[in-house]
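Visitor: Kindly generate the corresponding structure for this input.
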Amino acid sequence: MRRSLLLLALTLLLVSCHLPRQYLLPLKVVVENNSLCFSLPPEVMNHHGALYYAGASISLREEEGWRVLWQSSLQPPLSVIPQKKCFDDAPINWRAGTYSLLVVSSTAEGKVRHRFEKTFTLTQDRTGHLAL
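Guide: I've put the predicted structure just below:
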């Protein structure tokens with residue numbers, strides 16, 4: 001009985017050590033001045049202090065699948081992610097459709113990396129203004 005209990009405790013310990021953490025964290029996306037902006041979850045920002053922008057990718061869903069519209073370069077120096085970051089410099093002609101945004105951040109030392117993702121649908125009115 002004692003051996004079975006010890007084996008059970010050891011198994012639970014090993015299994016709990018290998019439970020996967022969430023690979024993609026949620027990302028908040030808004031449209032401002034017809035430009036896409038994102039912000040990281042406050043609990044992640046508060047936990048790590050300053051997080052550095054390590055890259056992003058924007059994809060559009062088409063009939064054949066996802067097509068990458070834009071990817072940022074991953075070259076240093078990495079900039080600190082502000083409370084809200086907009087893609088004013090991304091050469092994307094935004095239109096109605098379903099998009100996916102993937103953002104990668106890291107700590108100053110580069111030891112902790114987070115991946116954030118949001119899939120969203122943009123609509124466009126007759127005047128050309130975008131909305132989620």
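Visitor: Which strand residues bridge the spatially most central residue of the chain?
Guide: In the chain, the centroid-proximal residue (CA atoms, centre = their mean) is F116; its distance is 1.7 Å. When assigned by DSSP bridges, F116 has beta-bridge partners L25, V103.
Visitor: what's near enough to touch it?
Guide: Contact analysis of F116 by CB atoms under 8 Å, 6 or more residues apart in numbering lists 24-27, 38, 40-41, 102-105. Any C-beta I mention is one placed from the backbone N, CA and C, and that applies to glycine too.
Visitor: tell me which of those residues is nearest to L130?
Guide: Nearest to L130, judged by CB to CB, of the contacts of F116 is F38 at 14.4 Å.
Visitor: returning to that earlier point: distance-wise, check the residue nearest to the centre of the chain relative to N34.
Guide: Per CB to CB, to the nearest Å, F116 is found 22 Å from N34.
Visitor: now M45
Guide: From M45 over to N34 (counting by CB to CB), the distance is 26 Å.
Visitor: Have a look at those two and say which one is more surrounded.
Guide: M45 (15 against 11; other CB atoms under 10 Å).
Visitor: neighbours around the residue lying closest to that one once chain neighbours are set aside, how many?
Guide: With sequence-adjacent residues excluded and distances taken as CB to CB, 6 or more residues apart in numbering, M45 is closest to L51, at 6.5 Å. Neighbourhood size, L51 [other CB under 10 Å]: 21.
Visitor: where does the protein have low pLDDT?
Guide: 1-22, 74-77 (pLDDT under 70).
Visitor: what about the strands in it?
Guide: 24-26, 28-32, 35-39, 52-62, 65-71, 79-80, 85-86, 97-106, 113-124, 130-131 (DSSP state E).
Visitor: any idea how far H48 is from R67?
Guide: 32 Å.
Visitor: Done for today, thanks.
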